[in-house]
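K.L.:
quick one: sequence plus predicted model below, questions after.
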Amino acid sequence: MSRGKPYYEEVWKKEGVSTWRLYPTTFGKISFFIGSGKKVLDIGCGSGVLLKQIHKHGNECFGVEISEEAARLVNQAGIRCEVAKVPPLPFEDNFFDVVIATELLEHIDEDEELVEEAKRVLKPGGWFVAAVPNDWLPPEKEPSHVRAYTNTSFRKLLKKIGEDLFVESFKEDFIAARWKDSSGSPLHISLPTLLGRVQKKLSFWISFKCKICGKKVKDEAFALEGVEGPICKNCFKERRVKK
């Protein structure tokens, strides 16, 4: 069973912005993939280590955290962070270009429901990016974990969003110099990691007014970069041909 709010309040009161949870390889890869000019949500963002990196690159960033202390630290950095137990997510449909969940899915009971929620708040064509330990630290070894993921089970979970997915495995290896292990040495983190990304399908069925031609239609809606809102199939095809 996943840990509750009191546990995470204690974690973030202790660690704060000086947290050992730096994950430089994972966070660097995610920041590079996102680039700039996106609307990004980080679920379980902690004190905002990754969000701050992404924000510096010119993205509009949002966080959601179960811990009021962690959310306070993120808001203090000028990034909007909601306090909520997830799922559900406290955001409207088709709102984000990228939704992130790093070192989170293994901690919650409702991983499938959370991925479905990520899909809901993603814009068509948006990306869900997630990182989990690679077949490492099952619940009997790490009580805060609900499950351990394999490459196969992780891919199966991501496919709830779409078929266009990519998963890589590597070892996250770094020293958190401000923190000490049980022997008094600087804390060394060596974590086998799965990092995956999956794209939400570009189209969906709704009744809408096309943002390009202005026609009201009940059909498959499409999304294009630079256009705020749904567009019809004909306009989507015309824009694609012009490109």
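P.N.:
Perfect, thanks for sending it.

K.L.:
show me where the protein has strands.
P.N.:
If DSSP state E is used as the criterion, the strands of the chain fall at 39-43, 60-65, 80-83, 96-102, 122-133, 165-180, 186-199, 203-209, 216-222.

K.L.:
what strands line up against the first one, and which way round?
P.N.:
Just to be clear, that refers to strand 39-43. Looking at strand 39-43 with DSSP bridges, its partner strands are strand 60-65 (parallel), strand 96-102 (parallel).

K.L.:
save the strands of the chain as JSON lines, and put in mean neighbour count and distance to R72 too.
P.N.:
Every residue, glycine included, has its C-beta placed from N, CA and C. Conversion of the strands of the chain to JSON lines gives the following (neighbours: other C-beta atoms under 10 Å; distance: least, C-beta to C-beta, whole Å):
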{"stretch": "strand 39-43", "mean neighbour count": "24", "distance to R72": "16"}
{"stretch": "strand 60-65", "mean neighbour count": "24", "distance to R72": "9"}
{"stretch": "strand 80-83", "mean neighbour count": "18", "distance to R72": "8"}
{"stretch": "strand 96-102", "mean neighbour count": "24", "distance to R72": "20"}
{"stretch": "strand 122-133", "mean neighbour count": "24", "distance to R72": "24"}
{"stretch": "strand 165-180", "mean neighbour count": "14", "distance to R72": "20"}
{"stretch": "strand 186-199", "mean neighbour count": "18", "distance to R72": "25"}
{"stretch": "strand 203-209", "mean neighbour count": "13", "distance to R72": "36"}
{"stretch": "strand 216-222", "mean neighbour count": "16", "distance to R72": "38"}
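
K.L.:
weakest of the ones you listed in terms of mean pLDDT?
P.N.:
Confidence, taken as mean pLDDT, is least for strand 203-209 of the strands of the chain (a mean of 71).

K.L.:
please name whichever of the strands paired with strand 39-43 is nearest to L89.
P.N.:
Of all the strands paired with strand 39-43, the one in closest proximity to L89, counting by C-beta to C-beta, is strand 60-65 (6.5 Å).

K.L.:
tell me the spacing between the closest residue to R3 other than its chain neighbours and P133.
P.N.:
Among residues not flanking R3 along the chain, S144 sits closest, at 5.3 Å (C-beta to C-beta, 6 or more residues apart in numbering). As for S144, its distance to P133 is 11 Å (criterion: C-beta to C-beta, to the nearest Å).

K.L.:
how about P24?
P.N.:
For P24, the distance to P133 equals 16 Å [C-beta to C-beta].

K.L.:
report the central residue of the chain.
P.N.:
For the chain, the residue lying nearest the average C-alpha position, counting by C-alpha atoms, centre = their mean, turns out to be I100 (0.9 Å).

K.L.:
hmm, that one is touching I43, no?
P.N.:
Yes - checked against C-beta atoms under 8 Å, the pair I100 and I43 is within contact range at 6.7 Å.

K.L.:
for the strands of the chain, give me TSV that also has distance to K233.
P.N.:
Rendered in TSV, the data for the strands of the chain read as follows (distance: least, C-beta to C-beta, whole Å):
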stretch	distance to K233
strand 39-43	25
strand 60-65	29
strand 80-83	35
strand 96-102	22
strand 122-133	13
strand 165-180	25
strand 186-199	19
strand 203-209	8
strand 216-222	6
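
K.L.:
out of those strands, nearest to P90?
P.N.:
Ranking the strands of the chain by their distance to P90 (criterion: C-beta to C-beta) puts strand 80-83 first, at 5.1 Å.

K.L.:
neighbouring strands of the closest one in the sheet, and parallel or not?
P.N.:
Strand pairing for strand 80-83, determined by DSSP bridges: strand 60-65 (parallel).

K.L.:
fine by me, we can end here.
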